[in-house]
Structures are given as C-alpha cells and as structure tokens.
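In: Sequence first, then the predicted structure:
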Amino acid sequence: MLVQILDALPIRIFWKDRESRFLGCNQLFATDAGVPDPAEFIGKSDYFFFEPQQAAMFRDDDADVMFSGQPKLGIEEKLLHANGEVRWLETSKFPLRDDEGHIWGVVGMYQDVTERKLMEELRCRTCRASSAAA
C-alpha cells in the first residue's frame, strides 16, 4: 500500500542509506532517470544513473544533510535527463533517524519547476531588453 501511495503523489521521492546508496524511490523518480523499474535503484549510487558532476552534487547535498542533521529545503538544481533534456528541480532533503535519534540515511523529494524557471528567464530577458531600449 505504501508503494501505491508514493506513486500516487505528484512529487518525486527517494531514500538512501548513510553511504548514499538508494534504498528506494517512487515511479516518477525512476522515470525521470530513464529507469522503468524503481527496484533497479536499490543498492546503487547516483553515479550509476547520472553524469559524474551531477552525481557528485547530489551526494554532497546528501552528506550535508546527514552530517549536519539539518534538512536542506528548496535546493534549485538542474537535471540532465538520459535523453539530453534539461529540467529544473526544486529539491528538499531530510535526515532519516532511528528510534535513538541516530541518522541512518536521507530522504529527498523534488518537483519539476522547469516551466516556472523558463518563465522567470523570459521575464528577465524582457526586462533587460526594455531597459536597454530606454
């Protein structure tokens, strides 16, 4: 039932262990990575699915959350899909704790904000063009 709930949500969700290896994700997350089955993520790192520079950025954020114990909210990041398409994401990550409060991993979620980002860029270009013409 939990899988059905996670797959019904309009956001992408993933969770990882202390070494930033995937323990699971929902279908939207897997689809964004070009992977048909979310189970393919289990035990693998970001480097298996994403370009090295992007994977390093994701892992750095994971480490910040796990070592500080503080969530990171509203991280704006660029995602390069397997097909070369660029999407913009707004990501939040939270530490996962056991019953004794020890951090054992990280859970993250993001939404695709590409359309919003493109509209912001268009507004900026329009403002600059208007200012230059004045």
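Out: Everything's here; your move.
In: Show me where this protein has its helices.
Out: 2-8, 27-32, 52-68, 114-133 (DSSP state H).
In: Which among those helices is found nearest to V86?
Out: Of all those, helix 114-133 sits nearest to V86, with 7.8 Å by C-beta to C-beta. All C-beta spots, glycine's among them, are computed from the backbone N, C-alpha and C.
In: rewinding a little: okay, the helices of the chain, which one's buried deepest?
Out: helix 27-32 (a mean of 19; mean count of other C-beta atoms under 10 Å).
In: can I get the CA coordinates of that helix in PDB?
Out: What follows is helix 27-32, C-alpha atoms only, in PDB (Å, rounded to 0.1, in the frame of the first residue of the first chain):
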ATOM      1  CA  GLN A  27       7.900   5.600 -10.100                       C
ATOM      2  CA  LEU A  28       8.100   9.300 -11.000                       C
ATOM      3  CA  PHE A  29      11.700   9.500  -9.700                       C
ATOM      4  CA  ALA A  30      12.700   6.400 -11.700                       C
ATOM      5  CA  THR A  31      11.000   7.700 -14.800                       C
ATOM      6  CA  ASP A  32      13.000  10.900 -14.600                       C
END
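In: which strands and helices sit next to that helix?
Out: helix 2-8, strand 12-17 (3 or more C-beta pairs under 8 Å, 6 or more residues apart in numbering; DSSP states H and E).
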